[in-house]
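Colleague: Here's my sequence, what's the structure:
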Amino acid sequence: MAYSFFRRTRHPIVICWTRAFSSQPTKQVVRRPPSQARPRGGKKEPKSQRRTAQHLEEEWKDAFPQAKPYDQATMQLPIRMGRPEIAGALAPRADGNPELIKIPNFFHLTPSHIEKHCNALKLLMTPFPPNKLNDDDRILRIHTREYVTPTSSSSHPGARKVKLQVYLKDLCLNARARQKLILLAGRRYNQRADELTLVSDRCPTRKQNQDYLFYLLTVLLHEANKCEVWEEEEKQLHV
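Modeller: This next block holds a predicted model:
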């Protein structure tokens, strides 16, 4: 690299030439033809998306093996979501649509994928106890519900609700105790099905509601089997 400078003195101008040498080799600039020139900004050419290069023989569980956010490069479905910019027009397309990333999806739970998981879980399954298969031995039937929500809190007000059902024929009551229990139960007794239904959701947890229903059924059976003095007197009056 060579350069020059001027030095001004009393005498006429003296021009000094200085040359600096570099130990690094000079870099050769290779000019490409216009047909092979890269675009400005150093951007690479976009790769082909998976949905356009996916083979028909490829299984969907290989492309979407587990739960994950929506991927526009994997989906082959013409999905649209969001509010259209013009009234009456179609919703925005899936390409670059942030609305599809905000919500959970179940695209990985296809019938073939569920069957694959079930076959893998069969190796860990054990036979059901034979003494539990007989429905005649189940006097009390308890019904609860499980709720799956996409929110950060997994609690749901309806999850603590418990319903207990029992047939009066399974309680081994005599005629007097049966009639007294029906009067105490009121609208909780279904005459057509001969079934008693108790429901509770007053307690904050499911276990507390279940214990309360057991307590309530115990009190009803105790009061139904108990014979008061006034009941004997009223029975003699009707006789």
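Colleague: going forward, measure contacts and count neighbours with C-alpha atoms only.
Modeller: Will do.
Colleague: If Arg141 is in a bridge, with which residues?
Modeller: Beta-bridge partners of Arg141, counted by DSSP bridges, are Gln165.
Colleague: check contacts around it.
Modeller: Going by CA atoms under 8 Å, 6 or more residues apart in numbering, Arg141 touches Leu164, Gln165, Val166.
Colleague: want to throw the residues you listed into JSON lines with pLDDT and distance to Arg178?
Modeller: As requested, the contacts of Arg141 are exported to JSON lines (pLDDT from 0 to 100; distance: CA to CA, whole Å):
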{"residue": "Leu164", "pLDDT": "95", "distance to Arg178": "18"}
{"residue": "Gln165", "pLDDT": "94", "distance to Arg178": "16"}
{"residue": "Val166", "pLDDT": "93", "distance to Arg178": "13"}
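Colleague: Could you give me the buried positions within the longest helix anywhere in the chain?
Modeller: Ordering each helix of the chain by length in residues (DSSP state H) puts helix 206-225 first. Buried residues in helix 206-225, counted by 16 or more other CA atoms under 10 Å: Arg206, Gln208, Asn209, Gln210, Tyr212, Leu213, Leu217, Leu220, Leu221, Ala224, Asn225.
Colleague: so the third one touches Arg202, yeah?
Modeller: Yes - here Asn209 lies in contact with Arg202, judged by CA atoms under 8 Å, at a distance of 7.0 Å.
Colleague: I figured Pro204 was touching Arg160, is that so?
Modeller: Yes - counting by CA under 8 Å, Arg160 is a contact partner of Pro204 at 6.8 Å.
Colleague: ok, these two, which is more surrounded?
Modeller: For Pro204 and Arg160, the more surrounded residue by other CA atoms under 10 Å is Arg160, and the numbers stand at 21 against 12.
Colleague: Tell me how many other residues crowd Ile182.
Modeller: The number of residues packed around Ile182, counting by other CA under 10 Å, is 20.
Colleague: residue ranges for the helices of this protein, please.
Modeller: Taking DSSP H as the criterion, the chain contains helices spanning 50-53, 60-63, 99-102, 111-121, 175-185, 206-225, 229-238.
Colleague: In a markdown table, list those along with distance to Ala87.
Modeller: Formatted as a markdown table, the entries for the helices of the chain read as follows, by distance: least, CA to CA, whole Å:
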| stretch | distance to Ala87 |
| --- | --- |
| helix 50-53 | 30 |
| helix 60-63 | 36 |
| helix 99-102 | 18 |
| helix 111-121 | 37 |
| helix 175-185 | 57 |
| helix 206-225 | 47 |
| helix 229-238 | 75 |
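Colleague: To Arg83, which of these lies closest?
Modeller: helix 99-102 (9.6 Å; CA to CA).
Colleague: Touching that closest one from outside, list them.
Modeller: For helix 99-102, using CA under 8 Å, 6+ apart, the contacting residues are Pro69, Tyr70, Met81, Gly82, Ala94.
Colleague: and the two most separated of these?
Modeller: By the measure CA to CA, Pro69 and Gly82 form the most distant pair in the contacts of helix 99-102, at 16.4 Å.
Colleague: Tell me if I'm right that Asn105 and Pro69 touch.
Modeller: Yes - contact status for Asn105 versus Pro69: in contact at 7.2 Å, counting by CA under 8 Å.
Colleague: Distance of Pro69 relative to Leu100?
Modeller: Plainly put, Pro69 is 8 Å away from Leu100 if you go by CA to CA, to the nearest Å.
Colleague: what about these two, which has more around it?
Modeller: Between Pro69 and Leu100, counted using other CA under 10 Å, Leu100 has the larger neighbour count: 20 against 14.
Colleague: Nearest spatial neighbour of Arg188, chain-adjacent residues omitted?
Modeller: Counting by CA to CA, 6 or more residues apart in numbering, the nearest residue to Arg188 once its immediate chain neighbours are dropped is Thr197, at 5.4 Å.
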